[in-house]
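Predicted structure and sequence below. I'll ask about it afterward.
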Amino acid sequence: MKAMIIGGGGFVGSHLAHHLVQNLGYVTTVTKLPHESASTIGCEVYPLDILDRDAVQALLIRIRPDVIFHLAAQSSVAQSWKAPQQTVAVNICGSLNVLDAIRGIEGYTPRVILIGSGEEYGTPTQETGMLTETTPIHPKNPYAITKAAQNQFGTLYADAYGMDLIMVRAFNHVGPGQSPQFVVSDFCKQASEIAAGIRSPEIHVGNLSAARDFTDVRDVVRAYGLLAQKGRAGETYNVGSGRAVVIRDLLDRIIRQSGVRIRVIPDPERLRPVEVPRICADITKLKSDTGWMPEITLEQTIADTLAFWHSQIDR
């Protein structure tokens, strides 16, 4: 089986490449932007800008992967507020370039996994806050809007052109190697720097009352692999843990594991213009169709992420 990860130079791409090669035995190609670095042992690596449709199509003709994981995206909610035009270009136009490039190759019908986000749902309307794939979406930030559009285009292309597309709404995935743009990695980095004595014993935070569904990235990429094998074409799947954790509780766990006394400082610069209070995935459909279950606890994820930042500081 030949696989291609488009946008494999990021956090998730590195973990997915490792899983495909080491655990599933796929012959794997990874694309990334020239400035990106990634752990791609056992993979062929090519530079690719998904805004260049001709380049996308030329590479697909050359490699002809059986399954394509489309991860390339501007994935930061905070950055999407600062640069909505860039977010639209990459997340919508770039995704359409990939789909149209595939469609333009005669006789070529790979399975494509389009990675979206739990942010697409926005504010839940039901009291439980559990979000199923049929829950109406109300995206509340530019990033979420672009991912909702990608999902709808994927559904449209699957219906209109018979393409073998699976849409994913991935909730917060975390773990070692993640950018400090994201909350778990940010807190772990700050705590590690405090423990190392290179930062004052203060952690700067935004909104701590929001609750999010956190899943270890190593569990997330297992889900992607299973969806490539067992997912139903044209369907959307939630990928998450199935439980919500309040950010304040998350921070308390990180501080407790760090073993140091830390003062929490609110930082208005870290607040978003609009904040969804609670996001939690219903993963019944994913479990039913693939047999997937999350295996790595949040405590283990925090420990591994702290260890990652300790190792970075030691270097």
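Structure's in. What do you need? Residues are numbered from 1 along each chain as shown.

Could you use CA atoms for every contact and neighbour count after this?
Noted.

Which residues does stretch 137-147 contact?
The contact list for stretch 137-147, computed with CA atoms under 8 Å, 6 or more residues apart in numbering, reads 74-77, 80-81, 84, 87-88, 91-92, 116-117, 119-123, 148, 274-276.

Given the one helix or strand residue 203 maps to, what are its sheet partners and their directions?
Per DSSP states H and E, residue 203 falls inside strand 202-205. Strand partners for strand 202-205, identified by DSSP bridges, are recorded as strand 263-266 (parallel).

For the next helix or strand after the partner strand, enumerate the helices and strands it packs against.
Stepping forward along the backbone from strand 263-266, the first helix or strand reached (DSSP H and E) is strand 280-281. Under the contact criterion of 3 or more CA pairs under 8 Å, 6 or more residues apart in numbering; DSSP states H and E, strand 280-281 touches strand 130-131.

chain center to the strand it packs on: distance?
Between the mean C-alpha location of strand 130-131 and the chain-wide mean there is a distance of 18 Å, by CA atoms, centre = their mean, to the nearest Å.

Average pLDDT for that strand, rounded please.
Throughout strand 130-131, pLDDT has a mean value of 89.

Stretch 181-193 now?
The average of the pLDDT scores along stretch 181-193 is 93.

One more: stretch 106-118?
Summarised as a single mean, pLDDT over stretch 106-118 is 97.

ditto for stretch 20-29
Along stretch 20-29, the predicted local confidence has a mean pLDDT of 96.

Then stretch 142-157?
In this model, stretch 142-157 has a mean pLDDT of 98.

With stretch 279-293 instead?
For stretch 279-293, the per-residue pLDDT values average out at 96.

which residues of the stretch 1-150 of the chain fall in helices?
Assigned by DSSP state H, counting those that start in this stretch, the helices in the stretch 1-150 of the chain fall at 11-18, 53-63, 77-82, 84-88, 94-103, 142-161.

hey, which of these is tucked in deepest?
Of all those, helix 11-18 carries the top mean neighbour count, a mean of 23, counting by mean count of other CA atoms under 10 Å.

Would you confirm that residue 205 contacts residue 251?
No - the pair residue 205 and residue 251 fails to qualify as a contact (CA atoms under 8 Å) at a distance of 9.4 Å.

what's the closest of the helices of the stretch 1-150 of the chain to residue 221?
Distance to residue 221, taken as CA to CA, is lowest for helix 11-18 among the helices of the stretch 1-150 of the chain, at 5.2 Å.

Output the closest one as CSV, restricted to C-alpha atoms.
Once non-C-alpha atoms are left out, helix 11-18 reads as follows in CSV (Å, rounded to 0.1, in the frame of the first residue of the first chain):
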residue,chain,number,x,y,z
PHE,A,11,3.4,18.0,14.3
VAL,A,12,0.7,15.5,13.3
GLY,A,13,2.5,14.6,10.0
SER,A,14,5.6,13.4,11.8
HIS,A,15,3.6,11.1,14.1
LEU,A,16,1.4,9.9,11.2
ALA,A,17,4.4,9.1,9.0
HIS,A,18,6.0,7.0,11.9
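
Pull the residues that contact it.
By CA under 8 Å, 6+ apart, the residues outside helix 11-18 that reach it are 5, 7-8, 28, 30, 38-41, 43, 71, 177-179, 217-218, 221-222.

Which ones among these map onto strands?
Taking DSSP state E as the definition of strands, these contribute 5, 28, 30.

Helices of the stretch 201-315 of the chain, residue ranges please.
Listed in chain order, the helices found in the stretch 201-315 of the chain under DSSP H, counting those that start in this stretch are 217-230, 247-258, 284-290, 298-314.

so what does the shortest one touch, helix or strand wise?
Right, the one you point to is helix 284-290. In terms of contacts (3+ CA pairs under 8 Å, 6+ apart), helix 284-290 is packed against helix 217-230, strand 236-239.

which residues are in contact with the shortest one?
Spelled out, that is strand 236-239. Under the contact criterion CA under 8 Å, 6+ apart, strand 236-239 has outside partners 118, 132-133, 151, 166-171, 220, 223, 281-283, 285-286.

Residue 262: which of the helices and strands packed on helix 284-290 is closest?
Proximity to residue 262, assessed across the helices and strands packed on helix 284-290 by CA to CA, is greatest for helix 217-230 (26.9 Å).

coming back round to it: return the most buried member of the helices of the stretch 201-315 of the chain.
The highest mean neighbour count among the helices of the stretch 201-315 of the chain belongs to helix 217-230 (a mean of 21), with neighbours defined as mean count of other CA under 10 Å.

name the helices or strands packed onto that one?
Contact partners of helix 217-230 among helices and strands, from 3+ CA pairs under 8 Å, 6+ apart: helix 11-18, strand 111-117, strand 173-174, helix 284-290.

Mind listing residues that contact that helix?
By CA under 8 Å, 6+ apart, the residues outside helix 217-230 that reach it are 12, 15-16, 19-20, 67, 111-113, 166, 170, 173-175, 239-240, 289-290, 292, 294-296.
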